[in-house]
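J.: Below are the sequence and a predicted model; questions follow.
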Amino acid sequence: MTEIINDSNGHVQIQTCNTITEPSEVKINIKEVMEGPMTTIEAALQRWIPRSVTEESMAALLNKQRYQFDTAGINKVIFEPIWELLDRGGKRWRSTLLLLVAEALGKKVEDVIDFVVITEIIHNGTLIIDDIEDNSDFRRGKPCLHLIAGLDVAVNAGNMMYFLPLRVLSDKKKTLPLPIIVECYEVFAQEMINVHVGQGLDICWHSRKLGEDHEPTIENYLHMCANKTGALARMSAKLSALVCGGSASQVAALGRFAESLGVAFQIQDDLLNITEGDDKSLAAGKGGIGEDIHEGKRTLMVIHSFMHGTESNTKRLKDILSLKTHDQQLIREAIALMELTESLQFSRLKAQEILREAWKEVDAALPTSQAKGKLKALTDYMISRSI
């Protein structure tokens, strides 16, 4: 049995016991879990994604080309914009998840480190496109890429980031069995479909594409999150499990677990967006309190409030969302309407419930280890973080 205890110093104390030995205690600091692999992850990104290309490196990237190419132009519109965003940092939690899955399956970081490039670069590509679709102003403390480099450059660079890291899979054909490579490609293709379905639904709802009377259900919202935010987490866990020789049941369980992490992460993001805790996010350049309200987003809190509010309060909340307002007084009013239906508390409890159920399955699928304890600590972080 594994028990997680959070102490006042930010540590997660993990008590594990079995029928053979007395309970042993291992302290895990979630800050170390999140920040420890960062240097290794950044080194992998630098290794696979050039900051600038030469004729020699472009020949390797593009295979053989018949005509002379403009390296200065390629750097200006592709690799400079890509690194403009990558250098802003990020939580890199999908990459951390990928590494922890490998450790939990008894493998070393170096066995899978190159695979973090796939999901990390794709994720950052989705951020570029997402900011364009949402007409956002800031990302990680600076103006969004399309406001710096131009809409055309940002779209092209973001799209290239969906495919550029597949160079990793191509290279691994030298060392991994072909059936594993084929499965990895299949995971990539399926999750790329899934992430666009999720994003499409999010756009559909807040843009009111189906009319003012159409509202998503809680299940609709969870399905959207499982794809928009959960798809790349699933990709991370599944790629790692496949490469590390995990059984079919382990690959499936870890995929579902990662999906739940993504859903909980999105719910927590939505909560932070309308609470005082999001002041930290504002300082980090993620947008002010209530940015989701300004965009008219149908979050879990909004949907729950629609279902449980009075007719007049529900109408008022819908009216505020339809205004796409930056007025802080109106945004605070919308938050107050959601608090009347206890929708924020419902959302917190829902995230906890989702992760609790997901952990049961992965707990049974993995042997007890410190790496498994780190996975549990990551689980707790998803619903306790303040930024």
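T.: Cool, got the structure.
J.: So, low pLDDT: which residues of this structure?
T.: 1-26, 276-288 (pLDDT under 70).
J.: Tell me which residue lies nearest the centroid of it.
T.: T229 (5.2 Å; C-alpha atoms, centre = their mean).
J.: Go ahead and confirm that one touches V263.
T.: Yes. With contacts counted by C-beta atoms under 8 Å, T229 reaches V263, the gap being 6.7 Å. Every residue, glycine included, has its C-beta placed from N, CA and C.
J.: and E259, what is it in contact with?
T.: Applying C-beta atoms under 8 Å, 6 or more residues apart in numbering to E259 gives the contacts 226, 230-231, 233-234, 358.
J.: can I get those residues in TSV with distance to Q345 and secondary structure?
T.: Compiled in TSV, these are given as follows (distance: C-beta to C-beta, whole Å; DSSP: H, G, I helix; E, B strand; the rest coil):
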residue	distance to Q345	secondary structure
A226	22	helix
G230	23	helix
A231	28	helix
A233	25	helix
R234	28	helix
A358	21	helix
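J.: Would you mind checking the residues you listed for buried ones?
T.: 226, 230-231, 233-234, 358 (16 or more other C-beta atoms under 10 Å).
J.: residues in contact with the residue nearest to the centre of the chain?
T.: Neighbouring residues of T229 by C-beta under 8 Å, 6+ apart: 198, 262-263, 265-266.
J.: hmm, which two among those residues are most spread apart?
T.: Greatest spatial distance among the contacts of T229 (C-beta to C-beta): G198 and F265, at 13.0 Å.
J.: Can you give me the buried ones in the helix of greatest length in the chain?
T.: Determined from DSSP state H, the single longest helix within the chain is helix 178-206. Buried residues in helix 178-206, counting neighbours by 16+ other C-beta under 10 Å, are found at 180-181, 183-184, 187-188, 191-192, 194-199, 201-202, 205-206.
J.: so how far is A44 from the nearest residue to A149 once chain neighbours are set aside?
T.: Of all residues not flanking A149 in the chain, P81 sits nearest, at 4.7 Å (C-beta to C-beta, 6 or more residues apart in numbering). According to C-beta to C-beta, to the nearest Å, P81 and A44 sit 20 Å apart.
J.: In terms of neighbours, single out the busier of those two.
T.: P81 (24 against 21; other C-beta atoms under 10 Å).
J.: That one and I148, how far apart?
T.: 8 Å.
J.: again, but for I180
T.: 39 Å.
J.: All the helices of the stretch 101-250 of the chain, residue numbers only.
T.: With DSSP state H, counting those that start in this stretch as the criterion, the stretch 101-250 of the chain has helices at 109-112, 116-133, 145-149, 151-163, 167-172, 178-206, 218-228, 230-243, 248-273.
J.: In JSON lines, list those along with distance to T310.
T.: Shown next, in JSON lines, are the helices of the stretch 101-250 of the chain (distance: least, C-beta to C-beta, whole Å):
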{"stretch": "helix 109-112", "distance to T310": "52"}
{"stretch": "helix 116-133", "distance to T310": "33"}
{"stretch": "helix 145-149", "distance to T310": "41"}
{"stretch": "helix 151-163", "distance to T310": "43"}
{"stretch": "helix 167-172", "distance to T310": "54"}
{"stretch": "helix 178-206", "distance to T310": "22"}
{"stretch": "helix 218-228", "distance to T310": "19"}
{"stretch": "helix 230-243", "distance to T310": "33"}
{"stretch": "helix 248-273", "distance to T310": "23"}
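J.: Let me know which of those is tucked in deepest.
T.: Neighbour counts (mean count of other C-beta atoms under 10 Å) averaged over each of the helices of the stretch 101-250 of the chain peak at helix 230-243, with a mean of 28.
J.: what's the offset of that helix from the middle of its chain?
T.: In terms of C-alpha atoms, centre = their mean, to the nearest Å, the centre of helix 230-243 is set 12 Å apart from its chain centre.
J.: swap in stretch 63-78?
T.: Using C-alpha atoms, centre = their mean, the offset of stretch 63-78 from its chain centre is 32 Å.
J.: just to revisit the earlier point, ok, the buried ones among the contacts of E259 vs Y67, which is closest?
T.: Looking across those and measuring by C-beta to C-beta, the closest to Y67 is A231, at 37.3 Å.
J.: quick one, what contacts that closest one?
T.: 191-192, 194-195, 198, 259, 262.
J.: Repeat the analysis, applying 7 Å as the threshold.
T.: Residues near A231 by C-beta atoms under 7 Å, 6 or more residues apart in numbering: 191, 194-195, 198.
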